[in-house]
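# Build the 3D model from these lines:
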Amino acid sequence: MTNILIVARKEIQEGLRNRWVLATTLLLAALALTLSFLGSAPTGNVGVNRLDVVIVSLSSLTIFLIPLIALLISHDAIVGEAERGTMLLLLSYPLGRSEVMLGKFLGHVSILAFATLFGYGASALGLALTSTGIDIESWESFASMVASSVLLGAVFIAIGYLVSTQASERSTAGGIAIGIWLFFVLIYDMALLGALVAGQGQALPSGLLDLLLVANPTDAYRLLNLSSGGASALSGMGGIVGHTRLSTPVLVGALGLWTVLPLAVANFIFARREV
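Below you'll find the predicted structure:
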């Protein structure tokens, strides 16, 4: 465990010196603040809880931005160090390959968690200082959204590690990572919507719908955060809830499984890869 923490600390220290990580953190904070104050402006007319509008807005931002950031910081974690020759140096120390993998993963998740907490925390602080009448349930939903955003980031970091262990060059890993982001964030839902339209309004069996939703981690995240409370009415996800049996523990478990399986496969490949 000590070796894992040492590798994680190394990744965090390198991340703190990386201007790209700083820029990402500031970008998240800027976008979160913008969505908080501009996106919630109409609530004075329609009488909607301001924080619920922010949750919907930030969840949509998370689905597009967090997976992209996670893949960009993880796609070269293995192949990049192998190309630079630093992986050989790292493995010359008394470290197991599993410890290197887990340490790097923990470090990257910590970096992403810091960026997410700082960015969305700035939004929460701004709302707390300028808004009144926000109930405890909405704040709990906001905290759940932030925690699940970090979990979604961990999913795509694990997927990025799987790409990094299989690619032979950094450029190849980067191209595959962008393709994965496009598939899960854009293409998958477009294909699913096209299939539903082609079905001419015929309802899918609930079991098949559940499987299709958890087969995409971004859909599981969306359903987890936008299918209950005030966010459900604002996001239009309430209709899906009536046709699915996916509960909050199941959705959290699906995201956890999406994290563990790619990381385990990546660790298996890395243990047998020549560097």
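# how about the nearest residue to residue 68, chain neighbours excluded?
Excluding its sequence neighbours, the residue lying closest to residue 68 (CB to CB, 6 or more residues apart in numbering) is residue 181, at 5.3 Å. Where C-beta positions appear, they are placed from N, C-alpha and C, glycine not excepted.
# Contact partners for the one you found?
Counting by CB atoms under 8 Å, 6 or more residues apart in numbering, residue 181 makes contact with 67-68, 71, 156.
# Out of the helices and strands in the protein, which is least certain?
In the chain, the helix or strand scored least confidently by mean pLDDT, DSSP states H and E is helix 43-46, which has a mean of 46.
# C-terminal to that helix, what's the next element?
helix 50-74 (DSSP states H and E).
# which element follows the helix of greatest length in the chain toward the C-terminus?
Longest helix in the chain, counting residues (DSSP state H): helix 97-130. Per DSSP H and E, the first helix or strand lying C-terminal to helix 97-130 is helix 136-166.
# same question for that next one, mean pLDDT?
Helix 136-166 carries an average pLDDT of 91.
# Can you give me the buried ones in that helix?
The neighbour-count check on helix 136-166 (16 or more other CB atoms under 10 Å) flags 138, 141-142, 144-146, 148-166 as buried.
# packing partners for that helix?
For helix 136-166, the elements it packs on are helix 50-74, helix 79-84, helix 97-130, helix 170-182, helix 217-226, helix 229-235, helix 248-271, judged by 3 or more CB pairs under 8 Å, 6 or more residues apart in numbering; DSSP states H and E.
# ok, then the element right after the shortest one?
Using DSSP H and E, the next helix or strand after helix 79-84 towards the C-terminus is helix 86-91.
# Tell me the buried residues in that next one?
Neighbour-count burial for helix 86-91 [16+ other CB under 10 Å]: 87, 90.
# Start at 4, not 1
With 4 as the first residue, the last one maps to helix 89-94.
# about what we covered before: would you list the helices and strands packed on helix 139-169 in a markdown table and tack on distance to residue 210 and mean pLDDT?
Below are the helices and strands packed on helix 139-169 laid out as a markdown table (distance: least, CB to CB, whole Å; pLDDT from 0 to 100):
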| stretch | distance to residue 210 | mean pLDDT |
| --- | --- | --- |
| helix 53-77 | 24 | 86 |
| helix 82-87 | 39 | 88 |
| helix 100-133 | 32 | 88 |
| helix 173-185 | 26 | 93 |
| helix 220-229 | 15 | 88 |
| helix 232-238 | 22 | 53 |
| helix 251-274 | 13 | 93 |
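# Nearest to residue 5 among those helices would be which one?
Ranking the helices and strands packed on helix 139-169 by distance to residue 5, with CB to CB as the measure, places helix 100-133 first at 9.2 Å.
# what's the angle between that closest one and helix 139-169?
Calculated by axes from the mean of the first three to the mean of the last three CA atoms, to 10 degrees, helix 100-133 forms an angle of 150 degrees with helix 139-169.
# buried stuff in helix 100-133?
100, 102-120, 122-123, 125-127, 129-130.
# Spatially nearest residue to residue 127, not counting backbone neighbours?
That would be residue 145: by CB to CB, 6+ apart, it lies 6.3 Å from residue 127.
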